[in-house]
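Participant: the following comprises the amino acid sequence and a computationally predicted model.
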Amino acid sequence: MEMKRYTHLVHPPRILTSKLVFFWVLFLYFLLAESFAWAHTDNKHGISPEKSGHHHKGQATPGADRFTLGQTVYKHMCVFCHGADGNGGGKATAYLYPWPRDFRKGIYKHRTTPPGSLPLDQDIFRTIQKGVPGTAMPGWKNALSEEETWSVVEYIKGFSDRFKNKTAQPAIDFGKPPPSTMEAVVSGEKLYQEMQCQGCHGTDLKGGGSQAADL
């Protein structure tokens, strides 16, 4: 699905604003209704509010059960924004900025691996649990158990062939952060320019660099 770049309105018309408010109220109503119904349904996985604290230390339910659980979580929690086929074109997409990620590309911004590498499973897991500030992506830590989260991680990976053909590289060791001093700030500014960080993050550090639109 080819999507045009969304243009953010500085002063949206009153009618458009009313429609947006109505849409979000309706969207949140159905999302909460779906989540409530799912949380109180005795499904075959045995996942209930009482068992949501039972974790598998990073290991999701194996095999077909893991896929089915991940599919169920995705259908109830993710499809509205990310779309049924993971292309980021869900029903809510036209009202979101920035638009949801296209999982089919297998490219993830929030990861601990080197540039060009796939993310680690833990990277996707952390994004789902904590969300992405500044976007419409909420954190699901209080809504999903670890088992449910690991299962939807596996399901999301299935949208892209990159996970079938490649292996994620080890996480980058960033070491311990240095003390905050004026000398460190000056050194950091110099390094920021030398490494051309402004290409993505912009000269004003607001993320409006020349390459930001391609991320």
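Facilitator: Okay, I see it. Numbers count the residues shown, from 1 in each chain.
Participant: how about the strands of this protein, start to end?
Facilitator: Using DSSP state E, no strands are found in the chain.
Participant: any low-confidence regions in it?
Facilitator: Within the chain, the stretches with pLDDT under 70 are 1-62.
Participant: okay, now the domains of it?
Facilitator: 14-175, 177-215 (automatic domain parsing).
Participant: from the ones you listed, which stretch is densest packed?
Facilitator: domain 14-175 (a mean of 15; mean count of other CB atoms under 10 Å). In this view, the C-beta of every residue, glycine as well, is placed from N, C-alpha and C.
Participant: was I right to think P98 contacts T135?
Facilitator: Yes - if you go by CB atoms under 8 Å, P98 and T135 touch, sitting 5.9 Å apart.
Participant: list the residues that contact T113.
Facilitator: Neighbour list for T113: P119, L120, D123, A168, Q169, P170, A171, I172 [criterion: CB atoms under 8 Å, 6 or more residues apart in numbering].
Participant: quick one: the residue lying farthest from the centre of the chain from H201, how far?
Facilitator: The centre of the chain is farthest from one residue, E183, which by CA atoms, centre = their mean lies 35.5 Å away. Distance from E183 to H201, counting by CB to CB, to the nearest Å: 22 Å.
Participant: please name the nearest non-neighbouring residue to H82.
Facilitator: Excluding the flanking residues, the one nearest H82 by CB to CB, 6 or more residues apart in numbering is P100, at 4.9 Å.
Participant: how far away is the one you found from K141?
Facilitator: Counting by CB to CB, the gap from P100 to K141 is 19 Å.
Participant: hmm, C78 is touching V152, no?
Facilitator: Yes - contact criterion CB under 8 Å: C78 and V152 qualify, at 7.0 Å.
Participant: how about the contacts made by the nearest residue to E154 once chain neighbours are set aside?
Facilitator: Distance criterion CB to CB, 6+ apart; nearest residue to E154, sequence neighbours excluded, is G70 at 5.3 Å. G70 is in contact with A60, S151, V152, V153, E154, Y155, I156, counting by CB under 8 Å, 6+ apart.
Participant: looking at those residues, which is nearest H82?
Facilitator: I156 (8.2 Å; CB to CB).
Participant: how about the contacts made by the closest one?
Facilitator: Applying CB under 8 Å, 6+ apart, the residues contacting I156 are G70, Y74, C78, G86, F103, I124.
Participant: now those in TSV, please, with extra columns for distance to Q193.
Facilitator: Listed next are these as TSV, based on distance: CB to CB, whole Å:
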residue	distance to Q193
G70	43
Y74	42
C78	39
G86	37
F103	34
I124	32
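Participant: residue boundaries of the helices in this protein?
Facilitator: For the chain, the helices defined by DSSP state H cover 14-39, 63-77, 79-82, 121-130, 146-157, 162-165, 182-194, 198-201.
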